[in-house]
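Participant: any chance you can model this:
(chains A and B)
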2 protein chains.
Amino acid sequence: MTPGPGLHRTPLPKGFLASGTNCGVRRYRPDIGVIISEVDAVAAGVFTLNECKAAPVLHCAKVLPADNVRAIFTNSGQANAATGAEGFKRNQEVIAGMAEALNCAPNQVLIASTGVIGVQMATDKIIPALPELVERAQENAESFALAILTTDLVPKTVTTVVKLSGGNIRITGICKGSGMIHPNMATMLGYILTDAKITKDVAHTVLKAATDVSFNMISVDGDSSTNDCAFIMANGESQVELKTDADYRAFTKAVIEVSVYLAKSIAADGEGATKLIEVNLIGSPEEQLAKSAARGVTLSPLIKTAMHGEDPNWGRILARLGAEKVPAECLSKMDLTLQGVKIFTDGEPAAFNKEEVKALLKQSNVKIDIDLKSGQYAATAWGCDLSKKYVEINTEYS
Amino acid sequence: MTPGPGLHRTPLPKGFLASGTNCGVRRYRPDIGVIISEVDAVAAGVFTLNECKAAPVLHCAKVLPADNVRAIFTNSGQANAATGAEGFKRNQEVIAGMAEALNCAPNQVLIASTGVIGVQMATDKIIPALPELVERAQENAESFALAILTTDLVPKTVTTVVKLSGGNIRITGICKGSGMIHPNMATMLGYILTDAKITKDVAHTVLKAATDVSFNMISVDGDSSTNDCAFIMANGESQVELKTDADYRAFTKAVIEVSVYLAKSIAADGEGATKLIEVNLIGSPEEQLAKSAARGVTLSPLIKTAMHGEDPNWGRILARLGAEKVPAECLSKMDLTLQGVKIFTDGEPAAFNKEEVKALLKQSNVKIDIDLKSGQYAATAWGCDLSKKYVEINTEYS
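Facilitator: Numbering: from 1, shown residues only, chains lettered A, B, ... in the order given. Have a look, this model is predicted:
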């Protein structure tokens, strides 16, 4: 995916460094990374709702929001979930090692892990590698973005510059999506870094708002992870504060824009995916229904396989909306548009040129527009097609 | 699948006839079928909760429960869902044609359809074929069971004889499961026929109880259909009534046994399935949680692909239980057993011989036992593995 207007792949915001290296958990690929703020930063996080939370998630949920965070460490290959008391102990040991390398307190270090569930962290490999990881830190996100990948095919970073009343600030987003070398979970990790000067409350509020319309609206296979996290870190090094309502709006809009770009990148790079599917649903009588119905369409294996087969099999979309409890009275008047072509109008099948739509479905972006004509609420969700490659990736471990 | 003890493939209960033929909707395979009771029968039904209900579902939900039903007609190839007002009209025309062929009133005829959504029923082919369909009716379920299939690989029928205080009664179950020639929905149709003499209230209550632990506990791909139905028809031709509590219990138990057999047959014959997966969950603090957690495990694409790959990747099971909101305090003491081998004990990974479990997973029946050790509620759910064949079947239409 190419970043849209205003989005670039440029250096990190002021006062941030990042790094990634191989410590030997994985054979060749980088497997540990860190994002460092040169000064204490405001930070907030949102975390998986899975009851089976990994040890790193429990640590971060406890210390955030905070205003003295120095780093987010991340390891790939071992999720440190379902690892019992020993897992918690090892998590704290890694945090202590990172704090020592940075010369800060352990509660100033955040941590995220992704990888196989139920395996203990190889602290004997990770901890000795931490000082070198810190030494290697640079003013760009590339090596960190690589170190956090599992079966992702491409690293995902994006930067935007926002003009506020007091000057320019920068926001960088980095994330990883679905899949693992030893496939296990579609763990999603997201990092938003900015040199804007904001409070921890603003950090938390903006992150939550952005997550709700981005990371929480994507799905690859509907399995929610033990390790999902999204973080925001704001170190104030631009010295630019949010002074006016317009500043606040511009900042929020930019964080949302960065988050949506990252979320779409994850969906497009889902395991085995060949197409990004975007579902725009409008005219819903309720907000929650708009979200669950749009997400439901991206989750349906029958719709995902139909899109993979470039087949305008719209009955599957109607059926999924019904299964998501879109009321029959909405279905009986709704419009459905696929790749810009009206397929179903006013609750009845429309005449359309099937060959034309099949040809349009060959594109790598598929757009499904749904108008329930029953209210003012709307939602957009993103997913990907379901291919034999997904089954292969997730079957052929061991 | 071979029927278990007490279950056989024998003639229909007394006073029932069944038939199936090709009317030309599908190229070669039988595409219409009917079950006829020689006398007015008590009947009840349970229906899909999908808001996008097919025309035949709306008809049956309106007339049932009833005590004067003569027939259940079924067509395969066209679901008559999302077909608007014209779809309702055609549904009524077919019912009228069937009533004429049977010399009864239209409201004595039930109807179920399965097939492509959004296509109008070919009444010009179906209605002229109805008299011959009735003439061909015989005292066995085989031609009907074939006519209702879509991409199912095997017809699914089973019969049991139950000894009640007043004499023997017979119960026959017939069903179809997942998949279509033009793949669309995993529509499930189930038919329970008995010559026991029961009221329509008993018919409804017993069917509901049986459905809750059988058809409602299976999944192939998590997409619920516009056309799912389960029917019970009891014509009293054995002249044996349910007189005692023991009779009532024996009858209920037999209907459940037949329904569970049918449900397992559907899961085992899921699109592309190579393995039947059975999840037994005990020790739940709540009944609803037991059901949703057991079903959740059968729904997870990650668990389904792991089982397909004969990979004891138990972390995926823990993660799904957490995603299904099994409380962390249950996860921290639970036991997990795969093919009889303890994998996770008292909330901690157990040492087990991975090669042994991999070998056991080569069997076509996979058993996952979960003990939450937190209460008295239990549930069993059935599903199947996810193979490349599923993707192929659902991608390669058109």
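Participant: from chain B, how far off is residue A:370?
Facilitator: 13 Å (Cβ to the nearest Cβ, to the nearest Å). C-betas here are computed from N, CA, C, even on glycine.
Participant: how far is the helix or strand hosting that residue from where the chain is centred?
Facilitator: Per DSSP states H and E, residue A:370 falls inside strand A:365-371. Taking Cα atoms, centre = their mean, to the nearest Å, one finds strand A:365-371 lying 21 Å from the centre of the chain it belongs to.
Participant: which other helices and strands does the strand or helix carrying residue A:144 contact?
Facilitator: Using DSSP H and E, the element containing residue A:144 is helix A:142-147. Where contact means 3 or more Cβ pairs under 8 Å, 6 or more residues apart in numbering or on different chains; DSSP states H and E, helix A:142-147 is packed against strand A:16-21, strand A:32-47, strand A:66-78, strand A:156-164, strand A:167-176.
Participant: angle of the last one against strand A:66-78?
Facilitator: Orientation check (axes from the mean of the first three to the mean of the last three Cα atoms, to 10 degrees): strand A:167-176 against strand A:66-78 gives 30 degrees.
Participant: strand A:167-176 to strand A:156-164, inter-axis angle?
Facilitator: For strand A:167-176 against strand A:156-164, the angle by the same axes, to 10 degrees is 160 degrees.
Participant: would you mark the buried spots in strand A:167-176?
Facilitator: A:169, A:170, A:171, A:172, A:173, A:174, A:175, A:176 (16 or more other Cβ atoms under 10 Å in any protein chain shown).
Participant: got it, and the longest one?
Facilitator: When neighbours are counted by 16+ other Cβ under 10 Å, the buried residues of strand A:32-47 are found to be A:32-37, A:41-47.
Participant: output the below-cut-off pLDDT ranges for chain A.
Facilitator: For chain A, applying pLDDT under 70 flags the ranges A:1-2, A:4-10, A:178-186, A:221-223, A:396-398.
Participant: longest helix in it, by number of residues?
Facilitator: Among the segments of chain A that qualify as a helix by DSSP state H, the longest is helix A:245-268.
Participant: for that helix, list the C-alpha coordinates in PDB.
Facilitator: Once non-C-alpha atoms are left out, helix A:245-268 reads as follows in PDB (Å, rounded to 0.1, in the frame of the first residue of the first chain):
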ATOM      1  CA  ASP A 245     -10.000  23.400  19.600                       C
ATOM      2  CA  ALA A 246      -8.700  23.400  16.000                       C
ATOM      3  CA  ASP A 247      -5.300  22.000  17.200                       C
ATOM      4  CA  TYR A 248      -7.100  19.300  19.100                       C
ATOM      5  CA  ARG A 249      -9.200  18.400  16.100                       C
ATOM      6  CA  ALA A 250      -6.200  18.500  13.700                       C
ATOM      7  CA  PHE A 251      -4.200  16.200  16.000                       C
ATOM      8  CA  THR A 252      -7.000  13.700  16.500                       C
ATOM      9  CA  LYS A 253      -7.700  13.600  12.800                       C
ATOM     10  CA  ALA A 254      -4.000  12.900  12.100                       C
ATOM     11  CA  VAL A 255      -3.800  10.200  14.600                       C
ATOM     12  CA  ILE A 256      -6.900   8.600  13.100                       C
ATOM     13  CA  GLU A 257      -5.500   8.900   9.600                       C
ATOM     14  CA  VAL A 258      -2.300   7.200  10.700                       C
ATOM     15  CA  SER A 259      -4.200   4.500  12.500                       C
ATOM     16  CA  VAL A 260      -6.500   3.800   9.600                       C
ATOM     17  CA  TYR A 261      -3.600   3.600   7.200                       C
ATOM     18  CA  LEU A 262      -1.900   1.100   9.600                       C
ATOM     19  CA  ALA A 263      -5.100  -0.900  10.000                       C
ATOM     20  CA  LYS A 264      -5.700  -1.200   6.300                       C
ATOM     21  CA  SER A 265      -2.100  -2.300   5.800                       C
ATOM     22  CA  ILE A 266      -2.700  -5.100   8.300                       C
ATOM     23  CA  ALA A 267      -5.800  -6.200   6.500                       C
ATOM     24  CA  ALA A 268      -4.200  -6.100   3.100                       C
END
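Participant: before we move on, the earlier item: who wins for proximity to chain B among the helices and strands packed on helix A:142-147?
Facilitator: strand A:66-78 (10.8 Å; Cβ to the nearest Cβ).
Participant: please state the offset of the closest one from the chain centre?
Facilitator: Strand A:66-78 sits 16 Å away from the centroid of its parent chain (Cα atoms, centre = their mean).
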